[in-house]
Structure formats: structure tokens, C-alpha cells
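[1] Generate a structure from the sequence data that follows.
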Amino acid sequence: MVDAIVIIPTYNEIENVERIIKNVFSLQRNFHILIVDDNSPDGTAAEVKKLQSEFPEGLFLLERKGKLGLGTAYISGFKWALQKGYEYIFEMDADFSHNPNDLIRLYNACAKGSSHVAIGSRYVTGVNVVNWPMSRVLLSWLASKYVRFITGMNIHDTTAGFICYRREVLEKINLDKIRFVGYAFQIEMKFKAYLLKFKIKEVPVIFTDRTRGNSKMSKGIISEAVFGVIKMKLKSLFKSYEI
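    Model prediction:
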């Protein structure tokens with residue numbers, strides 16, 4: 001049985017979805033894929049359904065009624081993957097900003113190493129970002145520094161979204177108590193794994209900005225991360241904080 005599944009949230013990724021799926025299935029290690037689509041008007045889900053005839057045993061689709069946020073997409077995927085019995089559960093973008101070849105390195109960090117969480121890190125060995133303007137590189141790098149300072153986590157890339165979780169981590173975190181829905185969701189998940197004392201490893205990767213489709217970044221997402229992190233840290237100081 002395949003013990004690893006890659007969760008890929010999609011919204012209007014018709015230009016990327018076939019390529020990313022076939023790329024993952026071409027790897028030397030076997031991974032299953034779960035696409036979580038938020039009712040993409042461009043026909044992303046329909047394209048996935050066509051590909052399911054080509055990959056009937058390894059490609060799954062979870063369709064949602066609308067654009068409900070990155071965090072809730074992953075939580076829906078996590079619950080689905082846990083119910084199906086997967087041991088290693090991945091987060092990955094559909095736009096090739098995360099290199100599918102690095103899935104094997106993240107898998108090995110958890111399956112062959114002692115890590116509970118493996119992060120594909122842009123900043124653990126410097127700044128490994130391609131095709132971003134300097135202003136966005138600086139914003140992202142400073143955001144990770146800021147989160148690291150506020151939370152106390154010894155993680156260089158706190159906002160990374162390329163991750164492998166052992167199932168025990170996701171079983172221990174109360175997924176119904178995750179509050180952030182945008183990119184701050186990535187921070188909250190790492191913070192709760194950190195509070196639970198799971199071993200977190202950063203694996204250096206090269207992040208390449210999308211060349212097809214449109215970015216989902218917005219000012220609201222950035223605001224949630226900046227102000228939400230302080231609130232999250234303060235709440236964690238009280239016994240009533242639910243992990």
C-alpha cells in the first residue's frame with residue numbers, strides 16, 4: 001500500500017493541474033494525490049476527473065462549494081487522508097513553486113529520519129527564491145524572521161507551505177481549533193506542532209514563483225499573518241489555549 005499522499009489545493013489552476021499531477025506520478029517513489037478544489041470556474045475539477053481515468057488508484061478529488069480559504073482546504077484534506085490511513089501527509093502548491101522532486105527528500109526526512117514534520121525551507125541555507133521581485137523576497141524573509149521572534153520557534157521559514165507531516169502530528173493537533181484560513185494557517189500549524197514538542201526539520205529547497213496562472217496573495221492574507229501571530233502567541237500563554 002502507498003503510505004504517502006500529497007494534498008494540493010486548487011482554485012483556477014487549469015494551466016497547471018495536469019502537469020503537476022503527471023509530474024508527481026512520474027517520481028521514483030509512489031505518492032497518491034488528493035486535489036482539493038474550491039469550485040474553480042475555469043474547469044480545474046473537470047480536468048482532474050478526466051485524469052482519474054488515467055490514474056484510477058492514486059488520484060482523488062475533493063470538491064468544495066466555493067473559495068473557502070487555503071487553511072480550510074488543507075484541513076479538509078488532512079481529515080480525508082487520516083480517515084484513509086495514510087502515514088505521511090504532504091502540503092504542496094499546484095503551480096510548481098514547489099519542485100515535486102523534493103517530495104522524496106521531505107518523505108525521507110520523516111520516514112527514514114527521526115523528524116515528525118519536514119519543511120521545504122526557502123531560508124534555512126540563505127535565500128533560495130527564484131523569479132520573485134526583491135520587494136516580495138524581502139517581505140517574505142522579514143515575515144519569517146518576525147514570526148520566529150514572536151513565537152520563539154527555531155524555524156527559518158515559518159510561512160512555508162511545502163510540508164510533510166507524520167500522521168501522529170495531525171492526529172494530536174485539534175484541526176477543528178485551527179483559526180487562520182490564509183497563509184497564516186501555515187504558521188499556526190507549525191506553532192502547534194512546536195508546542196507539542198514534535199521534531200521539526202527544515203530541508204533546503206529552491207522556491208520558484210509560478211509562471212502560469214495567478215497568485216492568490218492579498219493584503220488581507222498579509223494582515224492576518226502580521227496581527228494574528230501576536231494574538232496566537234498571547235493566547236498560547238494561557239492554559240485554556242487548545243492545541
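
[2] Gly126 - how many residues pack around it?
    When neighbours are counted by other Cβ atoms under 10 Å, Gly126 registers 9. The C-beta positions use only the backbone N, C-alpha and C, and glycine is treated the same way.

[3] Next, work out how far apart it and Glu202 are.
    To Glu202, Gly126 is 12 Å away according to Cβ to Cβ, to the nearest Å.

[4] Glu168 now?
    According to Cβ to Cβ, Glu168 stands 19 Å off from Glu202.

[5] So between these two, which is more surrounded?
    Just comparing Glu168 and Glu202: by other Cβ under 10 Å the higher neighbour count belongs to Glu202, 21 against 12.

[6] for the more buried one, helix, strand, or coil?
    Following DSSP: H, G, I helix; E, B strand; the rest coil, the label given to Glu202 is strand.

[7] what is it paired to in the beta sheet?
    Ile119 (DSSP bridges).

[8] Now do the same contact list for it.
    Ala118, Ile119, Ser121, Val124, Ile155, His156, Asp157 (Cβ atoms under 8 Å, 6 or more residues apart in numbering).

[9] Any of these buried? List them.
    Neighbour counting by 16 or more other Cβ atoms under 10 Å classes Ala118, Ile119, Ser121, Val124, Ile155, His156, Asp157 among the contacts of Glu202 as buried.

[10] The fifth one touches Ile187, doesn't it?
    Pointing back at Ile155 there. No: Ile155 is not in contact with Ile187 according to Cβ atoms under 8 Å; the separation is 9.4 Å.

[11] all helices for the chain, in order.
    Taking DSSP state H, the helices of the chain run over residues 17-25, 44-52, 70-84, 103-111, 134-151, 167-172, 184-195, 219-236.

[12] of all these, which lies closest to Pro9?
    Closest to Pro9 of the helices of the chain is helix 70-84 (Cβ to Cβ; 3.9 Å).

[13] Check the average confidence over that closest one, would you?
    Computed over helix 70-84, the mean pLDDT rounds to 97.

[14] what are the C-alpha coordinates of stretch 99-114, in PDB please?
    The C-alpha atoms that make up stretch 99-114 are tabulated as PDB, following Å, rounded to 0.1, in the frame of the first residue of the first chain:
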ATOM      1  CA  ASN A  99       9.500  21.200  -7.000                       C
ATOM      2  CA  PRO A 100       7.800  17.800  -7.000                       C
ATOM      3  CA  ASN A 101      11.200  16.100  -7.000                       C
ATOM      4  CA  ASP A 102      11.700  17.400  -3.400                       C
ATOM      5  CA  LEU A 103       8.800  15.300  -2.200                       C
ATOM      6  CA  ILE A 104      11.200  12.400  -1.900                       C
ATOM      7  CA  ARG A 105      13.600  14.400   0.300                       C
ATOM      8  CA  LEU A 106      10.800  15.500   2.600                       C
ATOM      9  CA  TYR A 107       9.500  12.000   2.800                       C
ATOM     10  CA  ASN A 108      12.900  10.600   3.700                       C
ATOM     11  CA  ALA A 109      13.300  13.200   6.500                       C
ATOM     12  CA  CYS A 110      10.200  11.800   8.200                       C
ATOM     13  CA  ALA A 111      10.100   8.100   7.100                       C
ATOM     14  CA  LYS A 112      13.800   7.400   7.300                       C
ATOM     15  CA  GLY A 113      14.900  10.100   9.700                       C
ATOM     16  CA  SER A 114      13.500  11.000  13.100                       C
END
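
[15] pLDDT averaged over that stretch - what is it?
    97.

[16] For it, buried residues please.
    Asn99, Pro100, Asp102, Leu103, Leu106, Tyr107, Ala109, Cys110, Ala111.

[17] try stretch 61-75
    Leu61, Leu62, Arg64, Leu68, Gly69, Leu70, Gly71, Thr72, Ala73, Tyr74, Ile75.
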